[in-house]
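>>> Quick one, fold the following:
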Amino acid sequence: IAITLSLFLDVVPRQVYLHLLLRFPALYFSRVTRIFQDANLGMGEIKRMALEAVESDLDGEMSRGTNGESSINRMLVYQGFFPQEHTGAPVSYINLRNSWQGFIDSLMREWKTLNIISVLLLSAILTILQIEAAAANPLTRFSALLSLVCAFMSLLYGCLYIIRFGTMRKTHKAAEWANESERSSTSIFWNVWVMLAMPAVWLGWSMILYLVCVMSFVWQTGTVSDRVPASLLASDVEVLVPRIIISAVLGLGFVYLVLIALTFRRYS
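You can find the predicted model right below:
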């Protein structure tokens with residue numbers, strides 16, 4: 001019974017939610033864990049190596065009369081803040097630092113590319129909405145509006161990430177992410193891997209909805225007449241439902257935005 005409950009209350013919802021996110025969180029999780037697997041270092045080892053690096057610099061700094069700065073660095077290490085430049089840092093620690101900084105740089109390039117695609121997609125959606133036949137078709141219009149909302153949220157997330165992830169290059173941030181990757185259980189709805197995937201997820205759904213918009217425009221307009229027959233005009237209820245869906249999607253986007261802000265505050 002316990003296994004069955006765990007399957008239907010945890011495994012199945014987690015997989016359904018992951019598929020709704022187009023499995024992008026799993027991709028980012030594998031990329032981060034690969035960094036620490038290649039380095040073969042855990043959070044405790046990263047702290048220990050940073051402390052050893054400070055200690056190795058202590059003798060040289062004392063001979064130069066700068067032992068006060070070294071004491072400050074050592075105190076920072078004990079508190080979890082790791083100096084980034086050490087002359088005597090272990091090779092594995094340096095490799096981890098370089099790998100982590102390379103990962104952050106790759107994320108920044110990805111998000112800049114996603115932002116460019118989002119801007120191009122926004123202009124394409126606005127263009128298709130200006131076509132009278134497309135705007136008159138319910139499926140074309142509402143799929144375009146949904147795609148517009150998703151592209152806008154992707155652009156918003158991407159801009160925030162580019163601004164804030166510049167501070168994630170420090171190695172002690174890598175230790176915090178290593179701690180996240182070693183957790184045995186995480187929240188289904190929100191975790192750092194979902195956060196990393198937000199720009200790609202929303203852009204992915206925007207592109208899917210834009211394809212729906214284009215195909216509905218191809219197959220439902222311009223066949224006999226561009227005018228929609230009165231019998232096919234949507235009623236007030238049929239118009240209200242898509243509006244509620246669009247508003248709910250936009251509201252979900254702002255809920256994610258609040259969660260992103262809280263996560264950045266925790267890691268800042």
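>>> Quick one: residues contacting the residue nearest to Glu176 when sequence neighbours are not counted.
Of all residues not flanking Glu176 in the chain, Tyr267 sits nearest, at 6.4 Å (CB to CB, 6 or more residues apart in numbering). Quick note: C-beta positions are derived from backbone N, CA and C, even for glycine. Neighbour list for Tyr267: 168, 173, 176 [criterion: CB atoms under 8 Å, 6 or more residues apart in numbering].
>>> any idea which element the second one lies in?
Under DSSP states H and E, the secondary-structure element containing Lys173 is helix 171-181.
>>> Extract the CA atoms of stretch 247-257 and return them as PDB.
Taking C-alpha atoms only, stretch 247-257 is exported to PDB below (Å, rounded to 0.1, in the frame of the first residue of the first chain):
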ATOM      1  CA  SER A 247      -5.400  35.100 -17.400                       C
ATOM      2  CA  ALA A 248      -4.600  32.000 -15.400                       C
ATOM      3  CA  VAL A 249      -1.400  31.300 -17.400                       C
ATOM      4  CA  LEU A 250      -0.300  34.900 -16.900                       C
ATOM      5  CA  GLY A 251      -1.000  34.600 -13.200                       C
ATOM      6  CA  LEU A 252       1.000  31.400 -13.100                       C
ATOM      7  CA  GLY A 253       3.900  33.200 -14.700                       C
ATOM      8  CA  PHE A 254       3.800  35.900 -12.000                       C
ATOM      9  CA  VAL A 255       3.700  33.200  -9.300                       C
ATOM     10  CA  TYR A 256       6.800  31.700 -10.800                       C
ATOM     11  CA  LEU A 257       8.300  35.200 -10.800                       C
END
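>>> Just give me how far it sits from the chain centre.
Centroid separation for stretch 247-257 versus its chain: 15 Å, with CA atoms, centre = their mean, to the nearest Å.
>>> ok, now stretch 126-137?
Counting by CA atoms, centre = their mean, stretch 126-137 comes out at 31 Å from the chain centroid.
>>> residues in contact with it?
For stretch 126-137, contacts defined as CB under 8 Å, 6+ apart pick out 140-141, 144-145, 148, 213-214, 216-217, 220-222, 226-228.
>>> ok, now stretch 155-168?
Residues from elsewhere that reach stretch 155-168 (CB under 8 Å, 6+ apart): 104, 107-108, 111-112, 114-115, 118-119, 122, 173, 198-199, 202, 253, 256-257, 260, 264, 267-268.
>>> let's see 7 Å
Residues outside stretch 155-168 that contact it (CB atoms under 7 Å, 6 or more residues apart in numbering): 104, 107-108, 111-112, 114-115, 118-119, 198-199, 202, 260, 264.
>>> just those residues now: which is nearest Leu18?
For those, the closest approach to Leu18 (CB to CB) belongs to Met198, at 13.8 Å.
>>> Burial check on the residue nearest to that closest one when sequence neighbours are not counted, number of neighbours?
What sits nearest to Met198 in space, not counting adjacent residues and going by CB to CB, 6+ apart, is Tyr157, at 4.6 Å. A count of nearby residues for Tyr157, using other CB atoms under 10 Å, gives 26.
>>> State the helix or strand in which Tyr157 lies.
helix 138-164.
>>> In that helix, which residues are buried?
Using 16 or more other CB atoms under 10 Å as the burial criterion, the residues of helix 138-164 that qualify are 138-158, 160-162.
>>> now swap in stretch 26-35 and tell me
For stretch 26-35, a neighbour-count test (16+ other CB under 10 Å) marks 28-29, 32-33, 35 as buried.
>>> quick one: low-confidence parts of the stretch 151-268 of the chain?
Residue ranges of the stretch 151-268 of the chain with pLDDT under 70: 172, 184, 223-235, 268.
>>> What ranges does it have for its helices?
Along the stretch 151-268 of the chain, the stretches classed as helices by DSSP state H, counting those that start in this stretch are 171-181, 192-220, 236-267.
>>> With Val239 as the reference, measure out to Pro138.
To Val239, Pro138 is 8 Å away according to CB to CB, to the nearest Å.
>>> By residue count, tell me the biggest helix in this protein.
Determined from DSSP state H, the single longest helix within the chain is helix 91-129.
>>> quick check: angle from that helix to helix 192-220?
Helix 91-129 runs at 30 degrees relative to helix 192-220, counting by axes from the mean of the first three to the mean of the last three CA atoms, to 10 degrees.
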